[in-house]
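Engineer: Next one to model:
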Amino acid sequence: MSERRSDSGRLAKRFSALKAEGRGGLVTFMTAGDPDYEISLEILKGLPAAGADIIEVGMPFSDPMADGPAIQAASLRALKSGMTLAKTLQMVRAFREDDKDTPLILMGYYNPIYSYGNARFLEEARESGVDGLIIVDLPPEEDEELCLPALDAGLNFIRLATPTTDDKRLPKVLSNTSGFVYYVSIMGITGTRSAASADIEAAVARLKRHTDLPVVVGFGIKTPEQAAEVAKAADAAVVGSALVSRIAEGLDGDGKPSTGLARSVLDFVAELAGGVRGARA
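Structural biologist: Purely as a prediction, here's the structure:
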């Protein structure tokens with residue numbers, strides 16, 4: 001077990017609290033700036049009260065090749081509204097004005113960070129209140145590029161494991177991983193299919209044999225019932241595409257947000273949280 005571990009910080013404290021409560025957590029994903037900065041920030045600030053235990057914030061990118069149609073569309077909406085990486089970090093700072101405790105992870109692709117400047121990005125991410133990074137297109141072989149500098153800067157670097165990550169590959173994937181392991185429960189792009197509960201249970205058990213880190217499961221979770229099932233097997237369940245789709249449904253024909261869009265999204269998060277909280281192990 002060679003992954004980097006930290007017993008301090010918001011992520012470790014949150015997983016310890018979840019364990020003490022005897023339940024899995026709810027991780028929510030949203031794209032920064034979708035559909036615009038103001039409503040995106042309203043949703044972000046409302047997530048903890050709605051029941052999100054950990055928040056993933058997507059960094060908008062013009063070519064999100066690992067994401068399905070819903071998150072691709074969200075990224076494009078955000079970019080069209082003028083969202084940038086600098087504004088994403090600004091949004092995190094605004095969130096931290098009111099919330100010092102909820103773990104917040106930035107998720108996305110390496111290109112915007114590289115363009116921004118790695119050292120500058122890591123310094124500003126840490127300063128703004130980011131707890132960790134999930135960079136989907138940087139494999140372990142490229143750890144010196146961003147992973148190791150991120151760890152040195154005090155940020156968790158969270159890695160993805162998939163159904164095809166075999167026992168030979170897994171130690172490499174887990175090396176330098178910190179915070180938690182994100183298990184992608186299906187192959188393919190995000191938000192298109194769901195995995196069977198038995199498959200998830202077996203996968204989580206296998207990962208637990210290789211690491212002491214929490215295992216978080218995502219991809220394809222759309223309902224409170226599905227979130228509850230996953231939260232029984234894993235340390236937390238991630239809901240992303242379903243939330244992003246709620247935002248899309250709240251836009252009119254011109255792409256303008258309807259009144260109450262943020263409230264509608266947060267009400268859905270509350271339903272998901274109710275499912276997860278009712279699914280005690």
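Engineer: Confirm that residue 27 sits in a strand.
Structural biologist: Yes: under DSSP: H, G, I helix; E, B strand; the rest coil, residue 27 sits within a strand.
Engineer: where's residue 128 relative to residue 91, distance?
Structural biologist: 9 Å (C-beta to C-beta, to the nearest Å). For glycine as for every other residue, the C-beta is placed from the backbone atoms N, C-alpha and C.
Engineer: In terms of packing, which of the two has more residues around it?
Structural biologist: Shown here are residue 128 and residue 91; by other C-beta atoms under 10 Å, residue 91 has more neighbours (21 against 18).
Engineer: Contacts for the one helix or strand the more buried one maps to, please.
Structural biologist: Counting by DSSP states H and E, the element that carries residue 91 is helix 85-96. By C-beta atoms under 8 Å, 6 or more residues apart in numbering, the residues outside helix 85-96 that reach it are 32-33, 37, 40-41, 44-45, 57, 59-60, 104, 106, 112-113, 115-116, 121, 124-125, 128-130.
Engineer: Apply 6 Å and report the result again.
Structural biologist: Outside helix 85-96, the residues within contact range by C-beta atoms under 6 Å, 6 or more residues apart in numbering are 32, 41, 44-45, 59, 112, 116, 124, 128-130.
Engineer: following it, which helix or strand comes up?
Structural biologist: Later in the chain than helix 85-96, the nearest helix or strand by DSSP H and E is strand 104-108.
Engineer: Tell me which other helices or strands the lowest-mean-pLDDT helix or strand in the chain touches.
Structural biologist: Between all helices and strands in the chain, the lowest mean by mean pLDDT, DSSP states H and E belongs to helix 197-210, at a mean of 90. Using 3 or more C-beta pairs under 6 Å, 6 or more residues apart in numbering; DSSP states H and E as the contact criterion, the elements in contact with helix 197-210 are strand 215-218, helix 224-233.
Engineer: one more time with 7 Å, if that's ok
Structural biologist: Secondary-structure packing of helix 197-210 (3 or more C-beta pairs under 7 Å, 6 or more residues apart in numbering; DSSP states H and E): helix 170-174, strand 181-184, strand 215-218, helix 224-233.
Engineer: Would you give the sheet partners of the third one, along with the direction of each?
Structural biologist: Next to strand 215-218 in the sheet, as set by DSSP bridges, lie strand 181-184 (parallel), strand 236-239 (parallel).
Engineer: got the CA coordinates for it in PDB?
Structural biologist: Once side chains and other backbone atoms are set aside, the C-alpha atoms of strand 215-218 remain, and they are given as PDB (Å, rounded to 0.1, in the frame of the first residue of the first chain):
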ATOM      1  CA  VAL A 215     -13.500   4.200  -2.100                       C
ATOM      2  CA  VAL A 216     -16.000   6.500  -3.800                       C
ATOM      3  CA  VAL A 217     -18.200   5.100  -6.700                       C
ATOM      4  CA  GLY A 218     -19.600   7.200  -9.500                       C
END
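Engineer: How far off centre is that strand?
Structural biologist: Between the centre of strand 215-218 and the centre of its host chain there is 10 Å, according to C-alpha atoms, centre = their mean, to the nearest Å.
Engineer: Rounded mean pLDDT for the helix or strand where residue 262 lies, please.
Structural biologist: Using DSSP H and E, residue 262 sits in helix 261-277. For helix 261-277, the mean per-residue pLDDT is 97.
Engineer: Nearest to residue 50 among the strands paired with strand 215-218 would be which one?
Structural biologist: strand 236-239 (11.6 Å; C-beta to C-beta).
Engineer: quick revisit: and the least confident helix or strand of the chain with helix 224-233, angle?
Structural biologist: With axes from the mean of the first three to the mean of the last three C-alpha atoms, to 10 degrees applied, the angle from helix 197-210 to helix 224-233 works out at 30 degrees.
Engineer: Mind listing residues that contact helix 197-210?
Structural biologist: Contacts to helix 197-210, defined as C-beta atoms under 7 Å, 6 or more residues apart in numbering, come from residues 161, 163, 170-171, 174, 181, 183, 185, 215, 217, 229-230, 233-234.
Engineer: Next, give me the two most distant ones among these.
Structural biologist: With distance counted by C-beta to C-beta, no two of these lie farther apart than 171 and 229, which are 28.7 Å apart.
Engineer: low-scoring pLDDT stretches of this structure, where are they?
Structural biologist: In the prediction, the chain carries residues with pLDDT under 70 at positions 1-8, 66, 186-196, 279-281.
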